[in-house]
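**Student:** pasting the structure only:
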């Protein structure tokens, strides 16, 4: 009995090893969601001549399950919209685009494993949407850098993210840029006593630190006082102690530094105690789910986002129309960023005429593409310049507040 | 150094009030742990996920347009069945096996907890879902402090539940059977107590308690999600141990103490230490008096 | 008849030995014929979990105390290593050593007061300890960088040559570490200490009465277990190069427990095979990945129900072998326990 079990397990081991070899060499078939097999398009005939041409494959890695699943899913949606659009117009260099998707659950270990899988797959030429939160993205980034594969993050905000290497790009507001907008908001809403409620996450801590620095520098000119800072850990649902601190400090406005799902719980509890308080949210609060969950509690809150779905700009309209038609819901910032990423990569491939990973990386620094963010171009560090628009929640919808933000220097001068 | 905030007696008292509310939430979950331990002398590690499943079932029925009352009643039946199934399929076979029952039961319970929780995730999704609050009657301000009417309902229900459970255990024949089984299963059997039925009834009762707790907690926070049992379960467990596991009124007092200390920790140290408070209390209790505040010094080794 | 028996034994032993050699050869040459870094990384990951399972085996397998604290000791080891390595420029090996020692100290601090508690209480205490470690990591910002985590953790540098995943170096370090931990486990198992632990697992009261200092032995086992887990944490940190308070989760402790239960408490082979099967199956059967934790939970339940000694465990629970010449009488015939009157 013992002998046969031993042999059985030895066999199992060998089988496991072999099948392990097997699956990684047949280039990663990816997860259940997401092969954007948009290569049937509208049946145009120009593909026929290049029938033997294989599709160009790009990777999307992001949280498709877990707390941040919405963000990963929206990024994937944005990528799929872009891929469909490009394929309808003939693809890139006559070849169709294809997206392979992996779930990293917003966990560093899974992100690194997915990254390795993608890197080993030689048919994938770039990562068009790399992860969601900065902390997770920074686990995977050194892997892309070492392996020489371009990866664009649609959502990382950590200041040092892009400096990890020349293969690491970021198409999102850097934390510095976010602070420029966030810092203007209390003045815009005429706050007198400000409170900050922040999650103890990498983003939260560094954001609050940055905000404090700006506050200290401009204290005497500002019309408000930073009275309370209250923290909570991820997974908290009971915000009563935080609410107590805020109310005790007589704050009339608070900045909430965390994602929409935490804000929903917090807002409901906060508004019960103080119905008139002004809630200021950041970009990660922009999600229609927020209103579904919190309803009345977030009515009147202000926030900002780099995507304005109501913009008249043709690139934005085009994206929004396609997104709504395909997914029956409004896109958010991460969908727009991911959509832009695909266009940037496509443009780079066109420019170099090849799908070589290094050439794509070089070209990414050179191309300038008209997309939802305007004229998008990566700077020498791998960051992109983005502008944000302010929104207010009115009647259960995000309404744009036009011309709310000023340029930083003008803002400081005007204090 | 704690983050900037306005300090003062008013805030301390408000935090204590908050602590009492949270405390009753812990208490109502802790009672479930105490119930099973009180009768069977095992830690029902799967209780947290039974609680979660209960919450999800209620939400499922409500989404299917049932009224709240039928939804809760149906869920009680369903969750009671799940609880009984847990005992019937997994724990009972182990009871008949000799030796090592302590560890095997424990690991089985951990396993089942995991399975149920992840089933919730797979079936209903891992994101937070909205839950209507039908016991909300607005905020009440008394003497300048904020009280939520839902909190009053929770407090009231906890106390009523405590009274009902105590009556069942001390005032009925079934309860007598439960106490007999706890003291000596074999002797109870010999005295005519149907041990199997008593155990089944206990698990069913604990399932119902879980649903009541789930309903109250989901209404209070207006959220349902698969990991809701994890944090709450551990803290409730700590409360039960603090008060003396197996002793119902101990669980309530334990919950209150944990809740109050937790909120006070936010006052003194900021929000970062909140999660550890329950465990530090637990570790403290286990080191000093493992039988808890109300526990009697037992002869059996804890 | 006798000759055939001897030959049979020889053959099966020979077969096992050959299988072992082939396996070793495969393992050592793995980096040269694998199709990609992903495979090496998974193999390294499996190795780390095998080390973790072996570490838990000492407390749970040999000594019978179910612990959910391995992730916490990993965290202590990893953070100590990362802090020394990134903030104070200490090299891999010295920092790893200190990491192990600090993890051992943590094991002592937790073990001393709690090991006198039984079963469920001990489990809860260890789970609680994990939570406390996480909170400390989150709040002790001056040391641990709080939620921002520690990045750019260094990798082992041997004779000026950095061992990374790409050049297979990390894999070999893992292999060497695994061999060392296997050797340590085996040494413990066959020593007086190991027998004491086994006695404690079977019946603590009896072993106490027989002169085994149960508390000190349990604590020692726990400390060794913590040190090994701390080392695994160091390897893990060196592999992922970035750690933060949320890296070491209760899920990890549960998976490690699952490996120990599946492989068989006390069986070294079981730990390795358990780690291989349980860590690789979500990668191989990708469609099962969402159900991964359900499978782990089911394994715990089913193992306890049908085969509590695990797949390869229970070898040490064979009935006592009577010396030659002693006849065996069954109980009905008047024989006592085990047939010996």
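**Tutor:** Cool, got the structure. This is a predicted model, so every value here is computed, not measured. Numbering: from 1, shown residues only, chains lettered A, B, ... in the order given.
**Student:** Let me see the contact set for residue C:260.
**Tutor:** Residue C:260 is in contact with C:53, C:56, C:57, C:60, C:61, C:271, C:274, C:310, counting by Cβ atoms under 8 Å, 6 or more residues apart in numbering or on different chains. In short, each C-beta sits where N, CA and C put it, glycine included.
**Student:** tell me which residues in the one helix or strand it maps to are buried?
**Tutor:** Using DSSP states H and E, residue C:260 falls within helix C:250-263. For helix C:250-263, a neighbour-count test (16 or more other Cβ atoms under 10 Å in any protein chain shown) marks C:250, C:252-263 as buried.
**Student:** Could you pull up phi and psi at residue C:285?
**Tutor:** Backbone torsions for residue C:285, taken as degrees, to the nearest 10, come to phi -100, psi 80.
**Student:** Same check on residue A:312?
**Tutor:** phi -90, psi -10.
**Student:** what pLDDT does it get?
**Tutor:** Looking at residue A:312, its pLDDT is 86.
**Student:** for residue C:318, same thing?
**Tutor:** Looking at residue C:318, the pLDDT reads 50.
**Student:** in the stretch 201-341 of chain C, what residue is nearest chain B?
**Tutor:** Using Cβ to the nearest Cβ, the closest approach of the stretch 201-341 of chain C to chain B is made by residue C:300 at 2.9 Å.
**Student:** what does chain C put close to chain B?
**Tutor:** C:64, C:66, C:113-114, C:117-121, C:123-125, C:127-129, C:131-132, C:134-136, C:138-139, C:254, C:257, C:261, C:290-291, C:293-294, C:296-301, C:303-305, C:308 (Cβ under 8 Å from any Cβ of the partner chain).
**Student:** ok, back up a step: report the two of the buried residues of helix C:250-263 separated the most.
**Tutor:** Greatest spatial distance in the buried residues of helix C:250-263: C:250 and C:263, 20.3 Å, computed using Cβ to Cβ.
**Student:** Buried by neighbour count: which residues of stretch A:362-378 qualify?
**Tutor:** By 16+ other Cβ under 10 Å, the buried positions in stretch A:362-378 come out as A:363, A:364, A:367, A:369, A:371, A:372, A:373, A:374, A:376, A:378.
**Student:** how far out from the middle of the chain is that stretch?
**Tutor:** Its chain's average C-alpha position is 17 Å from that of stretch A:362-378, according to Cα atoms, centre = their mean, to the nearest Å.
**Student:** do the same with stretch C:239-252
**Tutor:** Counting by Cα atoms, centre = their mean, stretch C:239-252 is centred 17 Å from the centre of its parent chain.
**Student:** Now do it, average pLDDT.
**Tutor:** 86.
**Student:** Got the phi and psi for the spatially most central residue of chain A?
**Tutor:** Nearest to the mean C-alpha position of chain A, counting by Cα atoms, centre = their mean, stands residue A:155 at 2.9 Å. With angles defined as degrees, to the nearest 10, residue A:155 sits at phi -150, psi -10.
**Student:** Retrieve the pLDDT associated with it.
**Tutor:** Per-residue pLDDT puts residue A:155 at 91.
**Student:** Next, work out how far apart it and chain C are.
**Tutor:** 17 Å (Cβ to the nearest Cβ, to the nearest Å).
**Student:** Can you tell me which of the buried residues of stretch A:362-378 is nearest chain B?
**Tutor:** residue A:372 (25.6 Å).
**Student:** Show me which residues of stretch C:279-299 are buried.
**Tutor:** Those would be C:279-280, C:282-284, C:286, C:289-299, for stretch C:279-299 by 16+ other Cβ under 10 Å.
**Student:** oh sorry, the question was meant for stretch A:193-209
**Tutor:** For stretch A:193-209, burial by neighbour count (16+ other Cβ under 10 Å) applies to A:193-208.
**Student:** For the chain, which segments are assigned as strands?
**Tutor:** Just so you know, I chose chain A. Secondary structure of chain A (DSSP state E): strands located at A:56-62, A:97-103, A:124-130, A:151-153, A:168-170, A:193-199, A:225-232, A:253-257, A:278-281, A:302-305, A:368-371, A:374-377, A:389-394, A:397-401.
**Student:** wrong one, I was asking about chain C
**Tutor:** Using DSSP E, strands in chain C cover C:150-151, C:157-158, C:161-162, C:242-243.
**Student:** quick check, distance from the third one to the centre of its chain.
**Tutor:** Right, strand C:161-162. Centroid separation for strand C:161-162 versus its chain: 28 Å, with Cα atoms, centre = their mean.
**Student:** Sheet partners, orientation included, of that strand?
**Tutor:** strand C:157-158 (antiparallel) (DSSP bridges).
**Student:** mind checking how far the partner strand is from the chain centre?
**Tutor:** Put simply, strand C:157-158 sits 26 Å off its chain's centre (Cα atoms, centre = their mean).
**Student:** model confidence over that strand, on average?
**Tutor:** Averaging pLDDT along strand C:157-158 yields 79.
**Student:** Which residues does that strand contact?
**Tutor:** Taking contacts as Cβ under 8 Å, 6+ apart, the residues outside strand C:157-158 that touch it are C:91, C:92, C:163, C:169.
**Student:** ok, 6 Å please
**Tutor:** Where contact means Cβ atoms under 6 Å, 6 or more residues apart in numbering or on different chains, no residue beyond strand C:157-158 reaches it.
**Student:** that older thread, what is the nearest of the buried residues of stretch A:362-378 to residue A:127?
**Tutor:** Proximity of those to residue A:127 (Cβ to Cβ) peaks at residue A:364, which lies at 11.7 Å.
**Student:** Contacts only, for that closest one.
**Tutor:** A:150, A:348, A:378.
**Student:** hang on, the last one packs against residue A:384?
**Tutor:** Yes: Residue A:378 sits in contact with residue A:384 when judged by Cβ atoms under 6 Å, with a separation of 5.4 Å.
**Student:** Just confirm the residue nearest to the centre of chain A contacts residue A:172, I think it does.
**Tutor:** Yes: using Cβ under 6 Å, residue A:155 is in contact with residue A:172, at 5.3 Å.
**Student:** residues near residue A:90, how many?
**Tutor:** Residues contacting residue A:90 under the criterion other Cβ atoms under 10 Å in any protein chain shown number 14.
**Student:** So which residues on the stretch 151-300 of chain C come close to chain A?
**Tutor:** Counting by Cβ under 6 Å from any Cβ of the partner chain, the stretch 151-300 of chain C comes close to chain A at C:151, C:240, C:241, C:242, C:244, C:273, C:280, C:284.
**Student:** Out of those residues, the closest to residue A:274 would be?
**Tutor:** Of all these, residue A:274 sits closest to residue C:244, with 33.2 Å by Cβ to Cβ.
**Student:** Who's the closest spatial neighbour of the closest one, skipping the chain neighbours?
**Tutor:** Leaving out its chain neighbours, the residue that sits closest to residue C:244 by Cβ to Cβ, 6 or more residues apart in numbering or on different chains is residue C:149, at 3.1 Å.
**Student:** ok, now residue B:182?
**Tutor:** residue B:39 (5.0 Å).
**Student:** Need the pLDDT of residue B:127.
**Tutor:** 81.
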